[in-house]
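J.: When you get a sec, could you give me coordinates for this:
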Amino acid sequence: MSVPTNPELDALVALTESEGWRLWLAWYEQEWGPMAMGVKVTSALAAVKTDAAGSAALIQQIAVAHEAVQGLKNYPTHRIAQLKRQTAVPMEGNLSRRGPGM
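T.: Reported below is the predicted structural model:
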């Protein structure tokens, strides 16, 4: 029995195994990883030292942008897992030790 193929799954796997994807992840880490987030938040706080509401708004904007970029980063692996679950081939026959249909 052959395993069904899925063009979307194949394309996403190829994407996540590509050099371009590794470069994109390195960019993500540099621009949006934990260290970069700390710098962004510190800069936002320094930019509006006297305005707590302005600082909160800037930090909220940074968090929303981070969430959006993180969604892009995680999409391929989440979608691959979803597609693999959908295309999993069910085992044939009944594996019950009590007999057929048990």
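J.: For this structure, which segments are assigned as helices?
T.: Assigned by DSSP state H, the chain shows helices spanning 7-16, 19-32, 34-47, 52-87.
J.: And the helix or strand of the chain with the lowest mean pLDDT, what does it pack against?
T.: The weakest-scoring helix or strand in the chain, judged by mean pLDDT, DSSP states H and E, is helix 34-47 (a mean of 86). With contacts taken as 3 or more C-beta pairs under 8 Å, 6 or more residues apart in numbering; DSSP states H and E, helix 34-47 sits against helix 52-87. Heads up, the C-betas are built off the backbone N, CA and C, glycines and all.
J.: got the angle for the helix it packs on vs helix 34-47?
T.: Angle between the axes of helix 52-87 and helix 34-47 is 160 degrees (criterion: axes from the mean of the first three to the mean of the last three C-alpha atoms, to 10 degrees).
J.: Residues touching the least confident helix or strand of the chain, excluding its own?
T.: With C-beta atoms under 8 Å, 6 or more residues apart in numbering as the test, helix 34-47 has contacts from 29-30, 55, 58-59, 62, 66.
J.: What subset of those residues is buried?
T.: Taking 16 or more other C-beta atoms under 10 Å as the criterion, what is buried in the contacts of helix 34-47 is 55, 58, 62, 66.
J.: Just send those back as JSON lines, with pLDDT and distance to Pro76 too.
T.: Compiled in JSON lines, those are given as follows (pLDDT from 0 to 100; distance: C-beta to C-beta, whole Å):
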{"residue": "Ser55", "pLDDT": "80", "distance to Pro76": "34"}
{"residue": "Leu58", "pLDDT": "85", "distance to Pro76": "30"}
{"residue": "Ile62", "pLDDT": "90", "distance to Pro76": "24"}
{"residue": "His66", "pLDDT": "92", "distance to Pro76": "18"}
